[in-house]
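Asks: predicted coordinates and the sequence they were generated for:
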Amino acid sequence: MTVAGGTQFTPVYDTNGNNTSVLAPGFEQVWQKYTPMSPLPTPAPAPTKGTSGGGISVVFPAPSWQAAIVPYGLIAPLTMRGVPDIAIAASASSPGYWIATTNDGLITNCIDGEITCFLGDGGTSASSPIWAGISRLIAESLNVTRLGNINPQLYQLAVRDSSGLVDVSQLGDNCTLGTCSAYPGYQVGPGYDLGTGLGSPNIEKLIAAFQPTVTPTATATPTATATSTTTATPTATATPTATATPTATASQSMTPVGPTPTPVPGAQVSASNVVANGVVGQTVGGGTLSVSNTSNSTETINTVTVTLSNPGLFSNLAMSGAVNGAAAQTSVTGTLASSTVFTFNPPLNVAAGAVAQFRLNATLSPNAARAGTPVRYAGLLPRSGSRHALPIGAPLGLLGIAFVAMPAGRPRRALVIAGVIALLASGQIGCNSSSSGIAMLNSSRQQVPTGGVAMTSEQGAVVVQGLPATMSTIRLVS
């Protein structure tokens, strides 16, 4: 089955009260969002049931379409079934749904004793039937009565920009409000996660993405003509010629002229995209990369190239690779630079349908605090009476609004406000990790670029889909 999780969002209205919200990455967040701990635990502690739902089955193994997926916040691909697959708005208040009911237990607050009452409500009990309705629209567009298992197609569509599945990328957890400190839940963030799955549907685009690709066919009707020629010696020579006239029927379409393309072996990648904090000299996990052989023949992986936004952050980088959980093989690390190549000798052999997983470990350099970029600190301001923190961008944004709204001739007041904001910001410098923020000295982002996985087969170079892929963001903290 396709499992639906829950999201929430704040609609955007114009001055006339019209909803002008635009569904895009970053607009929605996991239902009952909880700001995760900092640094994020990896892997996250096993949660109790979350508000959105979601997690890893202890009964059902991971299906083929999830074989190479590393959920956000975890470091290894799924070996057991992960849920949900998608997510839809579920909050009863952000923005919520109007539910018509005649339930005697719910209509006590109906005005004027109406028999039918409209109540604000929500839940994944709303998300699921909404998804059922979407599936009916897909079936209707395909002119079929049964769709069957559409999960393989959903996971294939999710790697395309036009898929109609919008990533729920705001960080959060699928915890239940009120228990988040004890059971923080699985992490939610960019890519597939165990709170919102592949993302939220843009219904019109999703229906269009499910339209089948027509396989052109043609029929040929040969027509033979015979020509006889008589000579002085009565010898008849028949020269038959045949012409083929393609005829298309109503249920067929013509095959485009041209050679039949040779099938190209392929592979699909996914990356962990973790956030890791460390101190000078510490070795931290630099993320994982999974490469799934989607062809019908054995493929080999020779090198993996990783781009580093700040190579000076590290004194050492090491990558290991293993196929289907076998013994790991350590690569030969090239020169640490903005583009670092990890070579496997001998190459890793990846059988048809197998998954190769690569793990990156990074040792933070003693000179990392001076490695090419200015010292930066987490922009957090303590919220009075709370263990949470506020982004420093909020008061700075208010300062910008104040400048715009301030009448001319009041520069002194502007300077006073700016001074207060500067004092608040400078108060963060030198702080150790605490509820008021983390002193972040430097960071680097590790990404496998397009062409970063060199794979070959008997047919030659292998096309690898899913790149570029981000493995991690590593931060030096104090």
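Replies: Ah, there it is.

Asks: ok, Ser272 touching Ala469?
Replies: No: using Cβ atoms under 8 Å, Ser272 is not in contact with Ala469, being 9.1 Å away. Every C-beta, even on glycine, is put in place using the N, C-alpha and C of the backbone.

Asks: check which helix or strand Ser128 maps to.
Replies: Per DSSP states H and E, Ser128 falls inside helix 124-142.

Asks: contacting residues around stretch 319-333?
Replies: The contact list for stretch 319-333, computed with Cβ atoms under 8 Å, 6 or more residues apart in numbering, reads 301, 304, 306, 316-318, 340, 342-345, 348-351, 354-361.

Asks: please indicate which of these are buried?
Replies: For these, a burial check counting by 16 or more other Cβ atoms under 10 Å picks out 301, 304, 306, 317, 340, 342, 344, 348, 350, 354-360.

Asks: and the helix holding Ser128, what does it pack onto?
Replies: Judged by 3 or more Cβ pairs under 8 Å, 6 or more residues apart in numbering; DSSP states H and E, helix 124-142 is in contact with strand 4-8, strand 86-89, helix 203-209.

Asks: looking at those, which one is packed in the most?
Replies: For these, the largest average neighbour count (mean count of other Cβ atoms under 10 Å) is found in strand 4-8, namely a mean of 29.

Asks: quick one, what contacts Asn273?
Replies: Counting by Cβ under 8 Å, 6+ apart, Asn273 touches Tyr72, Gly189, Pro190, Gly191, Gly287, Ala469, Thr470, Met471, Ser472, Thr473.

Asks: mark which of those residues are buried, thanks.
Replies: Among the contacts of Asn273, the ones that count as buried (16+ other Cβ under 10 Å) are Tyr72, Gly189, Gly191, Gly287, Ala469, Thr470, Met471, Ser472, Thr473.

Asks: related to what we said a few turns ago, turn the contacts of Asn273 into CSV, including secondary structure, distance to Asn16 and pLDDT.
Replies: Output for those, formatted as CSV (DSSP: H, G, I helix; E, B strand; the rest coil; distance: Cβ to Cβ, whole Å; pLDDT from 0 to 100):
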residue, secondary structure, distance to Asn16, pLDDT
Tyr72, coil, 38, 90
Gly189, coil, 35, 87
Pro190, coil, 34, 88
Gly191, coil, 37, 89
Gly287, strand, 47, 89
Ala469, strand, 43, 88
Thr470, strand, 41, 89
Met471, strand, 46, 91
Ser472, strand, 46, 90
Thr473, strand, 42, 89
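
Asks: which SSE is Leu476 in?
Replies: Secondary structure assignment for Leu476, by DSSP H and E: strand 469-477.

Asks: who touches that strand?
Replies: Residues from elsewhere that reach strand 469-477 (Cβ under 8 Å, 6+ apart): 39, 190, 269-280, 284-289, 306, 313-314, 360, 362, 364, 368-369, 433, 438-448.

Asks: export it to PDB, keeping only CA atoms.
Replies: Below are the C-alpha coordinates for strand 469-477, written out as PDB (Å, rounded to 0.1, in the frame of the first residue of the first chain):
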ATOM      1  CA  ALA A 469      24.200  14.200  -4.400                       C
ATOM      2  CA  THR A 470      25.100  15.800  -1.100                       C
ATOM      3  CA  MET A 471      26.700  13.500   1.500                       C
ATOM      4  CA  SER A 472      27.100  15.800   4.400                       C
ATOM      5  CA  THR A 473      27.800  19.200   6.000                       C
ATOM      6  CA  ILE A 474      30.600  19.000   8.500                       C
ATOM      7  CA  ARG A 475      31.000  21.800  11.000                       C
ATOM      8  CA  LEU A 476      33.900  22.700  13.300                       C
ATOM      9  CA  VAL A 477      32.500  23.800  16.600                       C
END
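
Asks: below-threshold pLDDT in the stretch 1-150 of the chain: ranges please.
Replies: For the stretch 1-150 of the chain, the stretches with pLDDT under 70 are 33-50, 104-114.

Asks: if you set the cut-off to 80 instead, what comes out?
Replies: By pLDDT under 80, the low-scoring segments of the stretch 1-150 of the chain are 25, 32-51, 102-119.

Asks: pretty sure Phe342 contacts Gly334?
Replies: Yes: judged on Cβ under 8 Å, Phe342 makes contact with Gly334 at a distance of 7.0 Å.

Asks: what's near enough to touch Ala352?
Replies: Applying Cβ under 8 Å, 6+ apart to Ala352 gives the contacts Asn293, Ser295, Asn296, Ser297, Thr298.

Asks: who's in contact with the nearest residue to Ala24 once chain neighbours are set aside?
Replies: What sits nearest to Ala24 in space, not counting adjacent residues and going by Cβ to Cβ, 6 or more residues apart in numbering, is Val166, at 6.4 Å. Val166 is in contact with Leu23, Ala24, Pro25, Phe27, Glu28, Gly199, Ser200, Pro201, Asn202, counting by Cβ under 8 Å, 6+ apart.

Asks: just put those in CSV and tack on secondary structure.
Replies: Compiled in CSV, those are given as follows (DSSP: H, G, I helix; E, B strand; the rest coil):
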residue, secondary structure
Leu23, coil
Ala24, coil
Pro25, coil
Phe27, coil
Glu28, coil
Gly199, coil
Ser200, strand
Pro201, strand
Asn202, coil
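
Asks: and the buried ones among those, selectable in ChimeraX?
Replies: With 16+ other Cβ under 10 Å as the criterion, this ChimeraX line picks the buried residues out of the contacts of Val166:
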select :27,28,199,200,201,202
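
Asks: let's have the contacts of Val166 in TSV, adding distance to Ala209.
Replies: Formatted as TSV, the contacts of Val166 follow (distance: Cβ to Cβ, whole Å):
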residue	distance to Ala209
Leu23	15
Ala24	17
Pro25	17
Phe27	19
Glu28	19
Gly199	13
Ser200	14
Pro201	10
Asn202	9
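
Asks: so which of the contacts of Val166 would you say is closest to Asp173?
Replies: Nearest to Asp173 among the contacts of Val166, counting by Cβ to Cβ, is Glu28 at 15.0 Å.

Asks: surely the closest one meets Phe9?
Replies: Yes: under the contact definition of Cβ under 8 Å, Glu28 touches Phe9, with a separation of 4.5 Å.

Asks: got a list of what the closest residue to Asp14 other than its chain neighbours touches?
Replies: Closest residue to Asp14 apart from its sequence neighbours, by Cβ to Cβ, 6+ apart: Thr20 at 5.2 Å. By Cβ under 8 Å, 6+ apart, the contact set of Thr20 is Val12, Tyr13, Asp14.
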